[in-house]
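Peer 1: Need coordinates for the below:
(2 chains)
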Amino acid sequence: MKPEQNYIEIFNRNRALIDQGSAGVLNDLREKALDCLIRNGLPNKGIEEYLHTDVAGWFEPDWGLNLGRLDMHVDFARAFRCNVPNLSTLLYFLANDEYACSETASKASLPDGVYVGSLREAAKSRPQILEPYYGRLADMDRPGIAAINTMFVQDGLVVYVPDSVIIEKPLQLVMLLNSPVGLMTNRRILVVLGRGAQLKLLLCDHALTANRFLTTQIIEVFAGADSRFELYDLEETHNANLRISECYISQEAGSQAEIDYVTLHNGQTRNSIFSTLAGNGSRLSLNGIATLDREQHLDNMTFVDHRVSDCTSNELFKYVLDDSASGAFAGKVLVRHGAQHTESQQTNRNICLTRQARMFTQPQLEIYADDVKCSHGATVGQLDEKAMFYMRQRGIPEKEARMMLMQAFVGEVIGHVALEPLRDRLNRLVEKRFRGELSQCEGCRVCRE
Amino acid sequence: MMLKIENLHAGIDGKEILKGINLEVNAGEVHAIMGPNGSGKSTMSNVLVGHPSYQVTEGKVTFNGKDLLAMSAEERSHQGLFMSFQYPVEIPGVSMTNFIRTAINEKRKALGQQPLAPTEFLKLIKEKRDLVKLDAKFMNRSVNEGFSGGEKKRNEIFQMAMLEPSLSILDETDSGLDIDALRIVADGVNRLKSADTSVIVITHYQRLLDYIKPDVVHVLYQGRIIRTAGPELALELEQRGYDWVIKEFEDSMK
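Peer 2: Alright, predicted model coming up:
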């Protein structure tokens, strides 16, 4: 039996229950999503884009799904302590897929017309915000998990920022997986930025209990003309965690976006990022850091679509792989006919610390315009032995020298992070990670055992 | 005695390069090791500081009464051994300040001392930078990255000054230096000299020895020291080249 079959049956059996826990446009798209899943199935290794990650296989176990919206109690105060402190943010939560707002965020007065809240709530009470955007970017017909997510999704986060509105304080969404048994969660984030709007969004992905989780995550971002958007996706889960995330962003003219994916600690992860530079003069900075050890696996796939002229995209992804970890990076850049004066740079650098660590990297450039500046580079190597000896000669012990070199290696990417307190925090987190001190979360106890 | 090398045999990738070196260096002395290309000069310095690519097959090295060869590279450094690299290594992303602070505090830790207080550390940096005329801006840069040849060598002597080693090996420190940089580097070395510290200058040419005066000059050839004499030997080598020493050595072996 194909792995999707089970989910098709669950969906058909529980359609009323799923719809009941949700509303409006979320329910309207489910039928179409079902058709897509039946037609395309779940992505397996037979598809080139999924060569290194058997996503379909992840769905094979009989996962529990919380379709009846049972309350999965999460102690937010405790959870917050183990996340990203020292950063003043407006704090929101997703407990599995259930939206919650922190007390401070609920009291904060956001500018007129701004909506930050539950996806389910918005589907009921603000359909005018959701309908033009929900499901419009996520492509359910390409290999991926957009279809299955759309079939089952019941809640998530919506951020709507009207024209010319600037939200200074970063929004932080702490996503906590918490369940006494194995659980599949389908969550969704929708961001709409009007012309000239500005937003910083930090996503922190955590697992609080030791059992296995499977998460599908869809992020859709509409960045209006001249808007500025920063997205930080920080994963700190445990070795038994499976995560598939797809992020879709469309940028209008003159907009600037920075998207940083940090995988500090995980189980197996597939992140796909689809960026469309749809308006002239838009700019994208897309970065990634991965620190992997044991049997951890991370597969990042990026697709940057230069549709029009005078756009810039810069990509820098760096991986450090220890033990038997494996990583993959596939970066596709498409410069369409007429997208003149495109500037695009893509770099992927990787360090394998052991002979068992594996890295697969695949840059792909497709260019159909002639007046462009595009470059790419990919390397897989070891720590610089010469630098290591130089440091040891100066009295820096081998272990410390390795640490410093690894820190310096990923430090280049952290340097790109625009949000300064996060940059400092990441430097500390990465150092702790390399020292094996990460982290205080209960979930991380799993990995030490 | 500070350093005693007895019958040292060593090589790389299974090829023997040092074929029985004997050398003694007392505290306060400056020794020059000269020799034609390929004689084993760099191998000798790398073996002494514990480069992991080189293997010692025979012999003994005692440093301040301790078995040097039993120590790791970092332990040798903590015990007071320093090498100025012929090709200083660039380390992108590691700032000079972070690098030298870590080095100093690791040494202090190994010797059972407290880390240096930040104000003392900054004071020390200032003092030692002045010694080799290294601008403050270099401290925020990555180690050796974007440094000119002369700046790299001055940085080596700056680090030597910061770490206060008892024995410093200067491996071809004069290579790639113009005369002004050479003077600054040599001046720095001379000012660090004391009755308790020793220097081994490894060089192909006499030039550096005009500025750093050796007490003893050795000629290394095919992995052996074939002649040892006073500073006048360096001058003679400069004038007559190495052939005559080699010939005399070969004749004596017959």
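
Peer 1: roughly how far apart are B:Asp251 and chain A?
Peer 2: Distance check for B:Asp251 against chain A: by Cβ to the nearest Cβ, to the nearest Å, it reads 39 Å. Yep, even glycine has a C-beta here, placed from its N, CA and C like the rest.

Peer 1: quick one: buried residues of the helix or strand hosting that residue?
Peer 2: Secondary-structure element containing B:Asp251, defined by DSSP states H and E: helix B:243-253. When burial is assessed from 16 or more other Cβ atoms under 10 Å in any protein chain shown, helix B:243-253 yields the following buried residues: B:Val245, B:Ile246, B:Phe249.

Peer 1: quick one: which of those is nearest to A:Cys311?
Peer 2: B:Ile246 (67.5 Å; Cβ to Cβ).

Peer 1: Could you find the closest non-adjacent residue to that closest one?
Peer 2: The shortest distance from B:Ile246 to any residue that is not its chain neighbour, by Cβ to Cβ, 6 or more residues apart in numbering or on different chains, is 5.8 Å, and that residue is B:Tyr221.

Peer 1: That neighbour: what's it in contact with?
Peer 2: B:Gly35, B:Pro36, B:Ser39, B:Tyr242, B:Val245, B:Ile246, B:Phe249 (Cβ atoms under 8 Å, 6 or more residues apart in numbering or on different chains).

Peer 1: Out of the residues you listed, which is nearest to A:Leu34?
Peer 2: B:Ser39 (79.0 Å).

Peer 1: quick check, the closest one in a helix?
Peer 2: No - when classified by DSSP: H, G, I helix; E, B strand; the rest coil, B:Ser39 is found to be coil rather than part of a helix.

Peer 1: pretty sure A:Leu199 contacts A:Gly224?
Peer 2: No - look at A:Leu199 against A:Gly224 with Cβ atoms under 8 Å: they stay out of range, at 10.8 Å.

Peer 1: Quick check: neighbours shared by these two?
Peer 2: Listed contacts common to A:Leu199 and A:Gly224 are A:Leu193; contacts here mean Cβ under 8 Å, 6+ apart.

Peer 1: Tell me which residue lies nearest the centroid of the chain.
Peer 2: In the absence of a named chain, this looks at chain A. Centroid check for chain A by Cα atoms, centre = their mean gives A:Asp233 as the closest residue, at 4.9 Å.

Peer 1: try chain B instead
Peer 2: Chain B has B:Ile169 as the residue nearest its centroid, 1.5 Å off, counting by Cα atoms, centre = their mean.

Peer 1: pretty sure it is in a helix, no?
Peer 2: No - residue assignment for B:Ile169, taken from three-state DSSP, gives strand, which places it outside any helix.

Peer 1: Test my guess that it contacts B:Gly80.
Peer 2: No - under the criterion of Cβ under 8 Å, B:Ile169 lies out of contact with B:Gly80, with a separation of 11.7 Å.

Peer 1: Looking at chain A, what residue ends up closest to chain B?
Peer 2: A:Ala408 (2.7 Å; Cβ to the nearest Cβ).

Peer 1: For that residue, pull up the helix or strand it's in.
Peer 2: With DSSP H and E as the criterion, the answer for A:Ala408 is helix A:398-414.

Peer 1: And that helix, what's buried?
Peer 2: Judged by neighbour count using 16+ other Cβ under 10 Å, the buried positions of helix A:398-414 are A:400-414.

Peer 1: Please save the CA atoms from it in CSV.
Peer 2: These are the backbone C-alpha positions of helix A:398-414, laid out as CSV (Å, rounded to 0.1, in the frame of the first residue of the first chain):
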residue,chain,number,x,y,z
GLU,A,398,43.2,20.6,19.6
LYS,A,399,39.6,20.4,20.9
GLU,A,400,39.4,24.1,21.4
ALA,A,401,41.0,24.8,18.1
ARG,A,402,38.4,22.7,16.3
MET,A,403,35.7,24.6,18.2
MET,A,404,37.0,27.9,17.1
LEU,A,405,37.4,26.8,13.5
MET,A,406,33.8,25.5,13.4
GLN,A,407,32.5,28.6,15.0
ALA,A,408,34.3,30.8,12.6
PHE,A,409,33.0,28.7,9.7
VAL,A,410,29.3,29.1,10.6
GLY,A,411,30.1,32.6,11.9
GLU,A,412,30.2,33.9,8.4
VAL,A,413,26.5,33.0,8.0
ILE,A,414,25.5,34.3,11.4
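
Peer 1: that older thread, tell me the two of the buried residues of helix A:398-414 that are most distant?
Peer 2: Farthest pair in those (Cβ to Cβ) is A:Glu400 and A:Val413. Separation: 21.5 Å.

Peer 1: that older thread, for the contacts of B:Tyr221, which one is nearest A:Gly182?
Peer 2: Set against A:Gly182, the nearest of the contacts of B:Tyr221 by Cβ to Cβ is B:Ser39 (68.2 Å).

Peer 1: ok, that closest one to B:Ile33 distance?
Peer 2: Between B:Ser39 and B:Ile33 the computed distance is 9 Å (Cβ to Cβ, to the nearest Å).

Peer 1: tell me, what's touching the two both at once?
Peer 2: The contact sets of B:Ser39 and B:Ile33 overlap at B:Leu220 (Cβ under 8 Å, 6+ apart).

Peer 1: and the nearest residue to A:Leu405 once chain neighbours are set aside, which of the three is it?
Peer 2: In space, and not counting its chain neighbours, A:Leu405 is closest to A:Leu383: 5.0 Å by Cβ to Cβ, 6+ apart. In three-state terms, and counting by three-state DSSP, A:Leu383 is coil.
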